[in-house]
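>>> Please work out how this folds:
(one chain, ligands or ions: 2)
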Amino acid sequence: MNTVNTIKVAVLGANGRMGRTVCAAVEAAADLELVAALDAGDDLAQVAASGASVAVDFTVPAVTEANVHALVDQGVHAVVGTTGWTDESRARVADHLATSAEEGTAVGVLIAPNFGLSAVLAMTFAARAARYFESAEVVELHHPNKVDAPSGTATHTAQAMAAARSEAGVAPSPDATESGWEARGADVDGVRVHAVRLRGLVAHEEILLGNEGEQLTIRQDSFDRVSFMPGVLLGIREVVGRPGLTVGLENVMDL
Ligand SMILES: NC(=O)C1=CN([C@@H]2O[C@H](COP(=O)(O)OP(=O)(O)OC[C@H]3O[C@@H](n4cnc5c(N)ncnc54)[C@H](OP(=O)(O)O)[C@@H]3O)[C@@H](O)[C@H]2O)C=CC1
Ligand SMILES: O=C(O)C1=N[C@H](C(=O)O)C[C@H](O)C1
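Numbers count the residues shown, from 1 in each chain. Ligands and ions are numbered 1, 2, ... in the order given. Modelled structure (predicted):
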């Protein structure tokens with residue numbers, strides 16, 4: 001379907017697990033039109049040439065930042081699910097967007113470590129609960145084809161929990177470990193994050209919060225990549241009206 005009101009969408013990483021699912025979801029949406037499906041080796045100039053106003057990036061951590069800069073240069077809005085972002089790489093994108101806006105092109109970029117509703121809610125609940133518990137740790141569990149660890153979702157979760165704990169003046173989680181630190185997971189702003197890679201899994205996260213005599217466990221499970229699609233489609237529809245950088249779907253959903 002091709003009407004004047006459709007949003008024209010390009011997908012980067014279109015042959016990947018997420019990219020294939022996004023292409024199918026965009027093609028099935030009456031208000032969206034898939035105009036370009038690009039993968040490794042394709043020329044990104046094809047994005048603007050296709051008439052796309054929004055590009056969705058599900059590629060690999062090594063290339064996603066360069067892709068986003070190229071999209072901003074083309075005046076194309078970006079919805080980014082690829083992981084591997086840091087404070088520094090996000091700041092470079094924010095600077096680029098500000099310069100682009102000053103020059104008259106107001107582009108929006110949405111970077112979300114997880115587009116699944118259950119994951120977004122789990123992260124939000126975890127951030128709210130984190131200051132009420134002495135101990136806080138995160139376990140993320142994924143399929144063994146995943147190239148990065150810890151997951152973007154777990155990193156985002158731990159950072160939000162750490163910020164809430166720091167703001168509330170909560171002491172570091174108690175831990176008497178003297179040796180074998182490699183078994184205690186990654187230290188994300190003081191919150192330990194453990195990564196499991198197991199055949200049969202898709203994407204799962206467990207947030208563990210403990211006090212003397214009690215525990216709160218927040219768990220979310222993504223059993224199928226279609227679960228990310230409502231969030232991705234929401235991001236496409238929203239990003240065109242949100243110039244500048246937005247990080248996290250929770251901000252688009254006003255959670
Ligand atoms: N935010 C969210 O909700 C979610 C995020 N993710 C994240 O999305 C990313 C992709 O995951 P997944 O689909 O499983 O990974 P895949 O490896 O299945 O897909 C990545 C695709 O990107 C391609 N690619 C590599 N370089 C480029 C490039 N320069 N331009 C265009 N395409 C390129 C790869 O090609 P080739 O194989 O030839 O290198 C591959 O086809 C990961 O970072 C993952 O963590 C995943 C699920 C949900
Ligand atoms: O690689 C994946 O599969 C996923 N990656 C994202 C992450 O690293 O958090 C989102 C989800 O967990 C699936």
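>>> On the strand side of things, show who the nearest residue to G51 once chain neighbours are set aside bridges to.
In space, and not counting its chain neighbours, G51 is closest to K8: 5.1 Å by CB to CB, 6 or more residues apart in numbering. Where you see a C-beta, it was placed from the backbone N, CA and C, and this is true even at glycine. Using DSSP bridges, the bridge partners assigned to K8 are E33.
>>> so who does K8 touch?
With contacts defined as CB atoms under 8 Å, 6 or more residues apart in numbering, K8 is in contact with 33, 35, 50-54.
>>> again with L34
Contacts of L34 (CB under 8 Å, 6+ apart): 9-11, 23, 26-27.
>>> how about those residues, which pair is most distant?
Greatest spacing in the contacts of L34, by CB to CB: A10 and E27 (12.8 Å).
>>> And the residue in the stretch 101-250 of the chain positioned nearest to ligand 1, its phi and psi?
Nearest to ligand 1, among the residues of the stretch 101-250 of the chain, is F115, at 3.7 Å (CB to the nearest ligand atom). When quoted as degrees, to the nearest 10, the phi and psi of F115 stand at phi -100, psi 0.
>>> Look at it and report its pLDDT.
The score at F115 is 98. That number is its pLDDT.
>>> Could you check how far it is from R131?
Using CB to CB, to the nearest Å, F115 is found at 27 Å from R131.
>>> Kindly report the same for A24.
Counting by CB to CB, the gap from A24 to R131 is 41 Å.
>>> Write out the residues of the stretch 101-250 of the chain neighbouring ligand 1.
Residues of the stretch 101-250 of the chain lying close to ligand 1 (CB under 6 Å from any ligand atom) are 112-116, 152, 228.
>>> Enumerate every residue touching I236.
Applying CB under 8 Å, 6+ apart, we find I236 in contact with 7, 9, 26, 32, 54, 56, 79.
>>> give me that answer again for 10 Å
Each residue near I236 by CB atoms under 10 Å, 6 or more residues apart in numbering is listed here: 7, 9, 22, 25-26, 29, 31-32, 53-56, 77, 79, 110.
>>> ditto for A112
79-81, 119-120, 152-153, 156, 228, 231-232, 234-235, 246-252.
>>> T82 too?
With CB under 10 Å, 6+ apart, T82 has these contacts: 12-13, 16, 18, 56-65, 67-68, 111, 113, 148, 152.
>>> Now, those residues that are in helices?
18, 61-65, 67-68, 152 (DSSP state H).
>>> Can you flag the buried ones in those residues?
Buried members of the ones in helices among the contacts of T82, scored by 16 or more other CB atoms under 10 Å, are 18, 63-65, 67-68, 152.
>>> Max pairwise distance over the residues you listed: which two?
M18 and E65 (17.5 Å).
>>> Show me what A37 bridges to in the sheet.
Here A37, judged by DSSP bridges, has bridge partners V11.
>>> That one - how many residues pack around it?
21 (other CB atoms under 10 Å).
>>> so who does the residue nearest to the spatial centre of the chain touch?
Central residue of the chain (CA atoms, centre = their mean): P113, 1.3 Å from the mean position. Taking CB under 10 Å, 6+ apart, we find P113 in contact with 80-85, 119-120, 123, 151-157, 159, 247-249.
>>> one step back: of all the contacts of L34, which comes closest to G180?
Among the contacts of L34, and counting by CB to CB, the member closest to G180 is V11, at 43.8 Å.
>>> neighbours around the closest residue in space to V191 that isn't next to it in sequence, how many?
Sequence neighbours aside, A158 is the residue nearest to V191 in space, at 3.9 Å (criterion: CB to CB, 6+ apart). If you count neighbours by other CB under 10 Å, A158 ends up with 29.
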